[in-house]
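**Student:** Make a model of this:
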Amino acid sequence: MPVPTLISQLSTTASLNSPDGAVDVPSSIDDYQRAHAAFIAQLYAGTVAAPTVIVPSATTTDIGAAASENVDISGNTTITGFGTVAEGINRKGRFTGVLTLTHNATSLILPGNANITTANNDRYEAQSLGGGNWIVTKYVYANGSVISATNATTTTPIKLQCRAATTANITLAGGAPNVADGVTLAANDRILVKDQTTGSQNGIYVVTTLGTGANGTWTRATDADGAGELLSGMLVTVSEGTVNADSMWMLTTNDPITIGTTALTFKSPSLYGTTTNDNAAAGMIGEYIESVVDEASGMSLTTTNIVNVTSISLTPGDWDVSACVQFLSSTTTNITELRGSISLVSNTVDITRGRLFEVKTAPHVPVAVRHGIAGPTLRFSLASTTTIYLIAQGVFTVSTLSVYGIISARRAR
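**Tutor:** Residues are numbered from 1 along each chain as shown. Take a look at the predicted model:
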């Protein structure tokens, strides 16, 4: 064997390396020693150039037997082991197909202690523990998110920014609009689709056919249409829009996610305040809902009868609810009691502390004809969509009494 110039020309079997007795040692020993010293230095510096070996997937994919540290794995066969090789041997490479890496607490330890479904261009780093046992120390999805054996958690992937986001259900193919959330779209714009009636249609899309009006087509973005490309906790920002400008959205659906099958839910974790007179989007902290009945539309009361002044419908979440009822009497109305209530039941006064606000007096004809009563701000923590009623009741004689008012709510979280 001549003096090697690459470390890959050496054999892991000592007897197969030179000098082997057939070489004129006195004249070449210096060359061999210098070559071997250079290889040791390369190993220390991590600059060894090793060719990439492609190993087809099998139940036991013997990456340890490959004559290189760089081993790509092809095919779609489920893998349960990496073969037997000495402890401490390292391998790294990428996958070129979709397959399942099967976690085993002894023989194939995977980060996260769970099976991993691979995708084209996912990358791995693994180390032999000896005796046919391996640990995958790092796994990097093609989208850049990482699972590490040191913390067994996935880093939060951040997608490329979207220009706009939807605010309602739309038709995606052949009926997609050319305007989204007030933004006039252009071909190749990225759109966050988050409000589909069929949740599995949600995701990140690109305007592939702009159309005129509502005859365009949007298709899933190439970085968000395959296995491992949308993970729980993924973040994406939106730059423009009447409602969604300068917002950030998180994918809150739990893994595993199958694109086109798993219903995807996006929520905004944005906590920064607005800098203009706009409204928070539905589901965002700060969302505001109110219902107002003005004086001209006030309801006539019959003494002691309980009425719904108005109501609001609140989606699941934590809400701060406030209300005020206002009564309009004539100059001869004799009033004994005025009551307002925030109630979960129609036409029912809720006497729970804070939900009832009232004024009781001896029968009298007040000087003023307008009388307002406001309740405290109350917390409503809701698990499902709920109607909150503004209730009113008056006890009076002689003449007329009508009621109007406002009930409002702001999402706290």
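**Student:** Quick check: the residue nearest to the spatial centre of the chain vs Ile388, distance?
**Tutor:** By C-alpha atoms, centre = their mean, the mean C-alpha position of the chain lies nearest to Leu251, the distance being 1.3 Å. According to C-beta to C-beta, to the nearest Å, Leu251 stands 30 Å off from Ile388. Any C-beta I mention is one placed from the backbone N, CA and C, and that applies to glycine too.
**Student:** Please apply the same query to Asp278.
**Tutor:** Remark: distance between Asp278 and Ile388 (C-beta to C-beta) = 24 Å.
**Student:** cool, and Gly216?
**Tutor:** 40 Å.
**Student:** for Asp195, same thing?
**Tutor:** Distance, Asp195 to Ile388, by C-beta to C-beta: 24 Å.
**Student:** Check the closest residue to Lys92 other than its chain neighbours and give its pLDDT.
**Tutor:** Nearest residue to Lys92, sequence neighbours excluded (C-beta to C-beta, 6 or more residues apart in numbering): Glu125, at 4.5 Å. pLDDT, Glu125: 93.
**Student:** who does Glu125 bridge with?
**Tutor:** Note on Glu125: beta-bridge partners Lys92, Lys138, judged by DSSP bridges.
**Student:** show me the contacts for the residue nearest to the centre of the chain.
**Tutor:** By C-beta atoms under 8 Å, 6 or more residues apart in numbering, the residues touching Leu251 are 230-236, 264-266.
**Student:** That one and Phe266: what is the separation?
**Tutor:** 6 Å.
**Student:** Now list whatever residues contact both of the two.
**Tutor:** Val236.
**Student:** coming back round to it: between Asp278 and Ile388, tell me which one has more neighbours.
**Tutor:** Under the criterion of other C-beta atoms under 10 Å, the comparison of Asp278 against Ile388 puts Ile388 first, with 23 against 10.
**Student:** In contact with the more buried one, which residues are there?
**Tutor:** Taking C-beta under 8 Å, 6+ apart, we find Ile388 in contact with 311-314, 321, 342-344, 380, 407, 409.
**Student:** Quick check, pLDDT for Pro256.
**Tutor:** Per-residue confidence (pLDDT) for Pro256: 85.
**Student:** How about it, nearest residue that isn't a chain neighbour?
**Tutor:** Thr117 (7.1 Å).
**Student:** Could you report the separation of that neighbour from Ile257?
**Tutor:** Taking C-beta to C-beta as the criterion, Thr117 is separated from Ile257 by 10 Å.
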